[in-house]
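[1] here's my sequence, what's the structure:
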Amino acid sequence: MNLDNALQIEGWMTETELQFLAIEASKHDNIVEIGSWQGRSTRALIDNARGQVTAVDTFCGSLKHPTWEKHLLSTKPENWLRGEFDKNMAGANNLRVMAMESLVAAEQLKDERFDMIFIDDDHETEECYAGILAWSRMLTEGGLICGHDYGAPEVELAVARAFSEVAKVLGADIWVGVQKR
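    Predicted coordinates:
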């Protein structure tokens, strides 16, 4: 398991969460990550994946919500976030980047299939639920769908609506959809 690069990147993923992603990536061939920020989790995926990783992000932060991200990004040069992401992904030869909103990317990729889907995108209940539904249609049989920030009430509500059973990764804020409704 290689986490050296990922641990050098700023972000909210803990080492335990990165370990989970790295282990799972090593078992999958076609992975999509929705929500990448500066690429901490993306790096854990690409450095351990058997195949290709597709990273989907607007690289605008959560600008529709009045959060510290909006303030942080307002103090940086235009395209700062995308520049940081690209710098952090240097040398990756198994990465495809789609700089767009989650549901737009899901529509463009609707004919593709992924055996691992990791969602760390919009944290509002309805948007999160819509994202889970859109991306889960592209999950291969027996594939893994999971996401971050299970401790956020809005995310928990969306995940509970989407799946009849949910597992939480021990020591992490990662959810795993066990059985789709």
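[2] so residue 28, which state does it fall into?
    What DSSP: H, G, I helix; E, B strand; the rest coil gives for residue 28 is coil.
[3] and the pLDDT for residue 122?
    Per-residue confidence at residue 122 stands at 77 (pLDDT).
[4] measure the closest residue to it other than its chain neighbours to residue 161 for me?
    Ranked by Cβ to Cβ, 6 or more residues apart in numbering and with sequence neighbours excluded, the top spatial neighbour of residue 122 is residue 128, at 5.6 Å. (Each C-beta comes from the backbone N, C-alpha and C, glycine too.) Residue 128 sits 9 Å away from residue 161, going by Cβ to Cβ, to the nearest Å.
[5] could you do residue 104 as well?
    For residue 104, the distance to residue 161 (Cβ to Cβ) stands at 22 Å.
[6] tell me the secondary structure at the closest residue to residue 167 other than its chain neighbours.
    Take residue 167 and drop its neighbours on the chain: the residue closest to it by Cβ to Cβ, 6+ apart is residue 176, 4.4 Å away. Three-state assignment for residue 176 (three-state DSSP): strand.
[7] for residue 176, give me its contacts.
    144-146, 166-169 (Cβ atoms under 8 Å, 6 or more residues apart in numbering).
[8] from residue 108, how far out is it?
    Going from residue 176 to residue 108 by Cβ to Cβ gives 26 Å.
[9] wait, residue 49 sits on residue 25?
    Yes: judged on Cβ atoms under 8 Å, residue 49 makes contact with residue 25 at a distance of 4.2 Å.
[10] mind listing what's buried in stretch 95-105?
    95, 97-98, 101-103, 105 (16 or more other Cβ atoms under 10 Å).
[11] quick one: which of those residues is nearest residue 137?
    For the buried residues of stretch 95-105, the closest approach to residue 137 (Cβ to Cβ) belongs to residue 103, at 11.8 Å.
[12] lowest-pLDDT helix or strand in the protein?
    In the chain, the helix or strand scored least confidently by mean pLDDT, DSSP states H and E is helix 68-74, which has a mean of 56.
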